[in-house]
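Visitor: coords please:
(one chain, ligands or ions: 1)
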Amino acid sequence: MKTKVIDIIAKAANLDTETVSNLIEIPPKADMGDYAFPCFQLAKTLRKAPPMIATDIAQAIGEQDIIERLEVKGAYLNFFLKKEMFVKDMVEKSTAVNFGSSTIGEGKSICIDYSSPNVAKNFHVGHLRTTIIGNALYKIYSKLGYKVERINHLGDWGTQFGKLIVAYKAWGSKEAVEKDGVAELMKLYVKFHDEAEKDDSLNDQARDWFTQMEHGNEEALEIWQWFVDISLKEYKGTYELLGMEFDHYLGESFYRDKTSDVVSRLTDANLLKESEGAKIVDLEEYNMAPCLIMKKDGSSIYATRDLAAIFYRKATWNFEKCLYVTGQEQKLHFAQVFKVVELLGNEWAKDSLVHIPYGLVSLEGAKLSTRSGNIIYAEDILLEAISKVKEIIAEKNPDLADKDEVAKIVGVGAIIFNDLYNQRIKDVSFKWDKVLNFDGETGPYVQYTYCRCASILRTIAYNPNADIDYSLLLDDEAIALLKEINRFPQVVADAAEKYEPCIVARFAMDVAQSFSRFYNACRVNVEDDALRNARGKLVEITKTTLKDALDLLGINCPEQM
Ligand code: ARG
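Guide: Numbering: from 1, shown residues only. From the prediction side, this is the model:
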């Protein structure tokens, strides 16, 4: 219908369809029509007042079989479509197999660098956010046809491992590390810093061990690899709870033999400068602090490995975009790294390399039983959410089948939804009664709406293959629901363009709320077969759309809860 309306306007106004399609809008309120065409932009070229233009176009359009009436309102020409045709069109669109997806990304690849925890450190709530946001972006871009590479850029290399080896050899034991994993490694790390304050020679030993690692010393690498394996096992437990996976675990260590290439590229391009024995790229001209490339002792750093990673990824996947999901505090780091890539003569760096920052997580009000000290593990938050949902189920629906599985889907879903419901850059706070409120703007509410749809379709005599009498779907609430649902393709495209999964989360909530208005106003389980099947169709479309939208966020739907 939209294409038809666009054609009609284009013909009447003597414009090309692309111009019209860029201008045409969906009005915010139903009484403003189904589509609106704003005329201010044309005022300049036509040298006429916008309302005049709108009136002229309306006249040129005249009678059309899909249009019920036209209305000029200020600068807008509002289109009221023949409702039945409009409804038919919307039902057909939203029942299509690929509803919401597109092919704009076909043949193109996108790298997403996210999660990326630091080995021997806890997987904290910040890592939870990058994992959730990165995974949603992966789903959203895949829906648009892109081939997405999910990359976990583990922090598994650097001088801190020299310190850990020293600490492990001095105060650690194999049993303790095997038993307590990351928690024990963190204790050793803290111990190292306490002791090094008193005895500076420990720092020299640590530097030595790291140099040994860089030179391939077997003993050093064996201990290091063990730390990596132990940490990874814990992180994978968290990923499994979340139901999220990666295509590549390519941590910083993967680039350790690729940083010398970065140094030679920079040298050849005359970009390296000496500064107090270290090697840097001066970025003063761009109002940035210099980008440190090589330390005095010749070792590479975080930025060097990021540069190597960019060249590796470009060569391996020829990405159209490479996205980095990290906290805001790394803004300068990425600005520097991206600038250096550009200075090496890579114009693509400007549009292709994108830092996607997010706000902080605050846990006020969410009491957690932390394992040791005040260190918070993302996994504990997920487990706590699951156990709280179990309590709610025990109280409200004790006979539910698959209780544990449902509690997991709902608990984890609640955390993910809470994380994605607001713009990335906003801080996220946790209050259990808010996050888990089944009547609020929450994941559980959307999942519950999905379950309601499922249960309606199970209990009424609904025939999904019956022909639909579209004249039975003209109630305001039915049309409003269909309009809401039909935004889906645009919602997915917008979310990708702005790197904002919240656009999808808000959409899911809007559909759920719109469904609730429809269900209150229009009885579905009626005697009349035709009416029951027509309304049942809306329930079915709502159900699939909610499932698809939640899936884009990384959230599953139980059939009952
Ligand atoms: N390991 C880092 C951290 O935990 C995040 C890495 C982000 N990715 C990158 N390519 N630098 O803060």
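Visitor: Residue 388 against residue 433, yeah?
Guide: No - Residue 388 lies out of contact with residue 433 (CB atoms under 8 Å); the separation is 9.5 Å. To be clear about C-beta, it is placed using only N, CA and C from the backbone, and glycine gets the same treatment.
Visitor: So those two - more neighbours on which side?
Guide: Shown here are residue 388 and residue 433; by other CB atoms under 10 Å, residue 388 has more neighbours (18 against 10).
Visitor: Would you mark the buried spots in the strand or helix carrying the more buried one?
Guide: Per DSSP states H and E: residue 388 is located in helix 378-396. Buried residues in helix 378-396, counted by 16 or more other CB atoms under 10 Å: 378-386, 388-390, 392-393.
Visitor: which pair in those residues spans the largest distance?
Guide: Greatest spacing in the buried residues of helix 378-396, by CB to CB: 378 and 393 (23.0 Å).
Visitor: which helices and strands does the helix or strand bottoming out on mean pLDDT in the chain pack with?
Guide: Least confident helix or strand, the chain: strand 361-362 with a mean of 84, by mean pLDDT, DSSP states H and E. Applying 3 or more CB pairs under 8 Å, 6 or more residues apart in numbering; DSSP states H and E, we find strand 361-362 packed against helix 125-143, strand 428-429.
Visitor: Which of these sits closest to the ligand?
Guide: Counting by CB to the nearest ligand atom, the ligand lies closest to helix 125-143 out of those; the figure is 6.4 Å.
Visitor: what's the average pLDDT for that closest one?
Guide: Model confidence over helix 125-143, given as mean pLDDT, is 97.
Visitor: repeat for stretch 178-196
Guide: For stretch 178-196, mean pLDDT is 95.
Visitor: Relative to residue 275, which of the buried residues of helix 378-396 is nearest.
Guide: Nearest to residue 275 out of those is residue 378 (CB to CB; 38.3 Å).
Visitor: filter the buried residues of helix 378-396 down to the ones close to the ligand.
Guide: Near the ligand, taking CB under 6 Å from any ligand atom as the test, no member of these is found.
Visitor: quick one: the closest residue to residue 37 other than its chain neighbours and residue 56, what's the gap?
Guide: Leaving aside its sequence neighbours, residue 37 sits nearest to residue 77 (CB to CB, 6 or more residues apart in numbering; 4.5 Å). Distance, residue 77 to residue 56, by CB to CB, to the nearest Å: 9 Å.
Visitor: Same drill for these two, tell me which one is more crowded.
Guide: When residue 77 and residue 56 are compared for neighbours, residue 77 comes out ahead with 28 against 17, by other CB under 10 Å.
Visitor: Just the element for that one, please.
Guide: For residue 77, the element it lies in under DSSP H and E is strand 76-81.
Visitor: so how far is that strand from its chain's centroid?
Guide: Centroid separation between strand 76-81 and its chain, computed with CA atoms, centre = their mean, to the nearest Å, is 35 Å.
Visitor: Can you pull the residues of the chain lying near the ligand?
Guide: Within reach of the ligand by CB under 6 Å from any ligand atom, the chain has these residues: 113, 116, 117, 118, 153, 155, 306, 309, 324, 326.
Visitor: Buried only: go through those for me.
Guide: So, of these, 113, 116, 117, 118, 153, 155, 306, 309, 324, 326 end up buried under the neighbour-count rule (16+ other CB under 10 Å).
Visitor: quick one: contacts for the residue nearest to residue 32 when sequence neighbours are not counted?
Guide: Excluding its sequence neighbours, the residue lying closest to residue 32 (CB to CB, 6+ apart) is residue 78, at 5.5 Å. Counting by CB atoms under 8 Å, 6 or more residues apart in numbering, residue 78 makes contact with 27, 32, 33, 35, 36, 37, 70, 71, 72.
Visitor: out of those residues, who has the most neighbours?
Guide: Among the contacts of residue 78, the one with the most neighbours (other CB under 10 Å) is residue 37, at 27 neighbours.
Visitor: so where do the helices sit in the stretch 151-300 of the chain?
Guide: 160-171, 174-180, 182-198, 201-214, 218-242, 259-268 (DSSP state H, counting those that start in this stretch).
Visitor: tell me the angle the third one makes with helix 218-242.
Guide: Relative orientation of helix 182-198 versus helix 218-242 (axes from the mean of the first three to the mean of the last three CA atoms, to 10 degrees): 130 degrees.
Visitor: Tell me which helix or strand the residue of the stretch 351-500 of the chain found nearest the ligand sits in.
Guide: Nearest residue of the stretch 351-500 of the chain to the ligand, counting by CB to the nearest ligand atom: residue 355, 9.5 Å away. Assigned by DSSP H and E, residue 355 belongs to strand 353-358.
Visitor: got the contact list for that strand?
Guide: For strand 353-358, the surrounding residues in contact (CB under 8 Å, 6+ apart) are 129-130, 133, 137, 310, 321-328, 330-331, 334-335, 337-338, 341, 424-425, 499.
Visitor: re earlier: let's see which of the buried ones among the residues of the chain next to the ligand end up in strands.
Guide: 113, 324, 326 (DSSP state E).
Visitor: Check whether residue 227 really touches residue 185, as I assumed.
Guide: Yes - assessed by CB under 8 Å, residue 227 is found in contact with residue 185 at 6.2 Å.
Visitor: Just grab the bridge partners of the residue nearest to residue 32 for me.
Guide: Beta-bridge partners recorded for residue 78 (DSSP bridges): residue 36, residue 71.
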